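Q: build me a model:
(one chain, ligands or ions: 1)
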Amino acid sequence: MPTAKNLTYLRARNQGAVLQTLLQGNSITKQELSHRLNLTPMSISYIAGDLLEKGILFENRSAPIKKDTPGRRGVALSIAKERLLAVGVSVSRRHLRVSLVDLCGNTLKCFSHQHDGEVTKDSLTSQIINDIKELLPLAPKEHILGIGVSCIGLVDIQKKTVISTTDFYGINNWDIGEVLQKEFDMPCFVAEDMKAAGLTEHYYGTAKELRDFVYLGITYGVGAGVIADGKLLEGNRGFCGEVGHTTLHHDGIECVCGNRGCAEKYLSVSAITERFGLSDWQQFVHCCKNKHESRVVETVERELSTLIINIVNNYDCEAVIIGHEGALLPKTFFDSVNNQVNNRILARSVKSVSIIPSSLSEKIHQLNGASIVFFQLFAGFFKL
Ligand SMILES: [Zn+2]
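A: Take a look at the predicted model:
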């Protein structure tokens, strides 16, 4: 059913677009904002004036101004980093991280806990609540937009619930979003960790300048965050981009999802190490670097290329960023995958695609939860 948007939403959406452009473009003038966002100079002046008055932006007279800025040269605007913050929760297979992060991607404080012994929904929830109670006094409450939870597993974004996880203490139907929203009386959003990682890469990583890319996380699972035209592709309930459960081998290994031959069964860290009898991921990286076990390395390069070709043909992206443990793979591995992909994508006569490692490494886990909140800010959810 089509939906209409009222003027208040449009104002918040334009405000969000200005903030996102300033974040990804660093300090820029009102003239350039007007040019990049295709908004009239009057609209930009109104939005910028309002954000300057609220202390969310400031005039940065020391920032360099691009020589080709259209129109009259002006003063660059910058984001006042301490003014907009978010609480980020990141639940990965091995760690829980709870952090307070500003819009510029600085972590004010982060609690990190390695999962230890029996983990339950209750034990995770109470640890998260305790940590958030420690973080909130670090900033004025009106500066903290909300809480974002990034979690492994299948996440229903509408119900703010982790529906199911694989090999993670049997955790399912975890309504963490509702619980935190009630406990702290602030907006809370929940998303699958790879989607959050796609946002983090877009706001703070190597994909700042890209409009269409896929973050492909290779870790103890395989998943993706798809950014299309600068926005996260979520699907109605948040189930879009589950590339780890697309089929690589029709009659292949049985998967917990009920299918056979899923990409995750061949390309996750555990799948690669177990299948080829390697002691750990480092040993596989070592094989790639030193051209040992060439049959093993070539098999993984070929299978990963096949998955990426399917991704590129589906999403028409300009780059695929390989993240999580996959980012540790050496240049030779990326060169080989780049060649195979660009020789076999459908549109190879008119485009090429870059396969590049994520630059964020461990920091991605500190930022993921907050990125979900900032995504809502840029989409016009918050009225500042
Ligand atoms: Zn599967």
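Q: rest of the way, CA atoms for contacts and neighbours
A: OK.
Q: burial count for the closest residue to residue 79 other than its chain neighbours?
A: Leaving aside its sequence neighbours, residue 79 sits nearest to residue 57 (Cα to Cα, 6 or more residues apart in numbering; 4.5 Å). Neighbour count of residue 57, defined by other Cα atoms under 10 Å: 20.
Q: likewise for residue 216?
A: If you count neighbours by other Cα under 10 Å, residue 216 ends up with 30.
Q: kindly report the same for residue 140.
A: Around residue 140 there are 11 other residues, counting by other Cα under 10 Å.
Q: next, residue 197: phi, psi?
A: With angles defined as degrees, to the nearest 10, residue 197 sits at phi -70, psi -40.
Q: please name the nearest non-neighbouring residue to it.
A: residue 368 (5.7 Å).
Q: and the strand or helix carrying that neighbour, what does it pack onto?
A: Per DSSP states H and E: residue 368 is located in helix 363-378. Where contact means 3 or more Cα pairs under 8 Å, 6 or more residues apart in numbering; DSSP states H and E, helix 363-378 is packed against helix 7-25, strand 85-91, strand 95-102, strand 107-114, strand 144-151, strand 188-192, helix 193-204.
Q: related to what we said a few turns ago, the residue nearest to residue 79 reaches residue 76, doesn't it?
A: No: the criterion here is Cα atoms under 8 Å, and residue 57 misses it with residue 76 at 10.2 Å.
Q: quick check: can you list the domain ranges of the chain?
A: 7-79, 85-197+364-378, 208-359 (automatic domain parsing).
Q: off-centre distance for the first one?
A: Looking back up the chat, that one is domain 7-79. On the basis of Cα atoms, centre = their mean, to the nearest Å, domain 7-79 is displaced by 24 Å from the centre of the chain it belongs to.
Q: how long is it end to end?
A: End-to-end distance for domain 7-79: 24 Å, by Cα to Cα, to the nearest Å.
Q: repeat that for the last one.
A: Using Cα to Cα, the gap from the first to the last residue of domain 208-359 comes to 11 Å.
Q: centre of the chain to it, how far?
A: 16 Å.
Q: start the count at 48 instead of 1 going forward.
A: In the new numbering, first residue 48, that becomes domain 255-406.
Q: figure out which of the domains of the chain is closest to residue 431.
A: domain 54-126 (7.6 Å; Cα to Cα).
Q: counting contacts, what elements does whichever helix in the chain runs longest pack onto?
A: For the chain, the longest helix by residue count, based on DSSP state H, is helix 341-362. Contact analysis of helix 341-362 by 3+ Cα pairs under 8 Å, 6+ apart lists helix 311-314, helix 328-337, helix 378-391 as its packing neighbours.
Q: repeat that with 7 Å
A: helix 378-391 (3 or more Cα pairs under 7 Å, 6 or more residues apart in numbering; DSSP states H and E).
Q: sheet partners, orientation included, of the very next helix or strand once past the helix it packs on?
A: Where DSSP H and E defines the elements, the next helix or strand beyond helix 378-391 is strand 401-404. Strand 401-404 pairs in its sheet with strand 366-371 (parallel), by DSSP bridges.
Q: so the strand it pairs with versus helix 410-425, what angle?
A: 130 degrees (axes from the mean of the first three to the mean of the last three Cα atoms, to 10 degrees).
Q: contacts for strand 366-371 next, please.
A: 260-266, 400-405, 408 (Cα atoms under 7 Å, 6 or more residues apart in numbering).
Q: drop anything exposed from the residues you listed.
A: 260-266, 400-405 (16 or more other Cα atoms under 10 Å).
Q: contact partners for the residue in the stretch 148-297 of the chain that the ion sits nearest to?
A: Closest to the ion within the stretch 148-297 of the chain is residue 292: 4.0 Å, counting by Cα to the ion. Residues near residue 292 by Cα under 7 Å, 6+ apart: 309-311.
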